[in-house]
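S.K.: Need coordinates for the below:
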Amino acid sequence: MATFSNERSPRRALRGLGILAVLAGALVALVVGLPALLPSLNPFGSETKDRTGPVLLKSLEDLSQYRAASANLQVMVDMEQDAKLLPSFIKGSRTLFVAAGTVDAAVDFSGLSKGRGAVRVSDDRRAVSITLPAATLTKARLDPARSRVYDRDRGLLDRVEEVFADNPSDEQPLYRLAERKLTEAARSDPELRRRAQDNTRRMLEGMMRGLGFERVTVTFKPQPV
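M.R.: Predicted coordinates:
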């Protein structure tokens with residue numbers, strides 16, 4: 001009677017397990033990688049491309065002002081535009097704009113390099129006297145990250161006009177008004193200029209003493225009216 005050997009059965013079983021393991025790994029890789037492939041397979045998907053040209057250097061300016069203090073300001077701008085003969089729900093708009101920005105106080109150092117008696121040193125070189133113009137305020141700079149339109153209400157005709165306008169949400173008038181409001185608020189408070197002059201005085205006193213001067217006097221000219 002003929003007999004058959006079962007020596008190849010374990011090998012076949014191991015080979016079958018190996019094939020199953022490979023198939024399972026491929027299935028797992030497909031499941032994990034499928035979400036990443038879906039956006040590229042979507043015919044209606046969008047793709048953002050940056051086609052910005054190179055940065056052009058327009059000009060260089062030498063700075064001769066020492067920015068000695070800065071004020072962080074915020075104002076709620078309420079701008080309303082109405083038509084004379086039409087009610088506001090037909091023609092007109094009102095926008096509430098939260099504007100945040102900074103105003104710097106600066107001291108002009110350009111006179112120090114031009115002489116004119118701005119710096120006087122004693123004969124024994126132990127004392128120095130520096131005369132500077134009064135601190136001035138720079139134009140307000142809005143911070144786009146902290147400025148936003150809080151509320152906007154428009155009439156029916158304004159809504160229709162915005163649909164066909166090239167720039168339906170022109171916020172430049174709001175920005176200009178907000179900059180003017182912040183600048184006026186900073187000018188009405190003398191504390192910013194005072195702090196700028198105090199900071200400038202301490203900075204120059206420390207610098208002059210580091211150069212060997214024992215007595216340092218820093219004075220500011222009167223604020224122009």
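S.K.: going forward, measure contacts and count neighbours with C-alpha atoms only.
M.R.: Fine.
S.K.: how about residue 149, what does it touch?
M.R.: 95-98 (C-alpha atoms under 8 Å, 6 or more residues apart in numbering).
S.K.: ranking those residues by neighbours, who comes first?
M.R.: Tallying neighbours with other C-alpha atoms under 10 Å puts residue 97 at the head of the contacts of residue 149, with 21 neighbours.
S.K.: And the strands in the protein?
M.R.: For the chain, the strands defined by DSSP state E occupy 65-82, 92-108, 119-121, 127-132, 136-137, 141-142, 148-154, 215-220.
S.K.: circling back: rebuild the contacts of residue 149 as JSON lines, extending it with distance to residue 123 and pLDDT.
M.R.: Supplementary listing: the contacts of residue 149 in JSON lines, determined by distance: C-alpha to C-alpha, whole Å; pLDDT from 0 to 100:
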{"residue": "95", "distance to residue 123": "64", "pLDDT": "81"}
{"residue": "96", "distance to residue 123": "62", "pLDDT": "86"}
{"residue": "97", "distance to residue 123": "59", "pLDDT": "87"}
{"residue": "98", "distance to residue 123": "57", "pLDDT": "89"}
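S.K.: which pair in the residues you listed spans the largest distance?
M.R.: For the contacts of residue 149, with distances taken as C-alpha to C-alpha, the pair at the greatest spread is 95 and 98 (9.9 Å).
S.K.: Could you name every residue contacting both of the two?
M.R.: Each of 77, 149-150 lies in contact with both residue 95 and residue 98 under the rule C-alpha under 8 Å, 6+ apart.
S.K.: Residue 198: which of those residues is nearest?
M.R.: Ranked by distance to residue 198 (C-alpha to C-alpha), the shared contacts of residue 95 and residue 98 are led by residue 77 at 32.3 Å.
S.K.: contacting residues for the residue lying closest to that closest one once chain neighbours are set aside?
M.R.: Counting by C-alpha to C-alpha, 6 or more residues apart in numbering, the nearest residue to residue 77 once its immediate chain neighbours are dropped is residue 97, at 4.9 Å. With contacts defined as C-alpha under 8 Å, 6+ apart, residue 97 is in contact with 76-78, 147-151, 174.
S.K.: Bridged to residue 97, which residues?
M.R.: Taking DSSP bridges, one finds residue 77, residue 149 as the beta-bridge partners of residue 97.
S.K.: Could you check how far it is from residue 145?
M.R.: The span separating residue 97 from residue 145 equals 13 Å under the rule C-alpha to C-alpha, to the nearest Å.
S.K.: again, but for residue 74
M.R.: Relative to residue 145, residue 74 is positioned 13 Å away (C-alpha to C-alpha).
S.K.: So for those two, which sits in the more crowded spot?
M.R.: Ranked by neighbour count (other C-alpha under 10 Å), residue 74 and residue 145 place residue 74 first, with 18 against 9.
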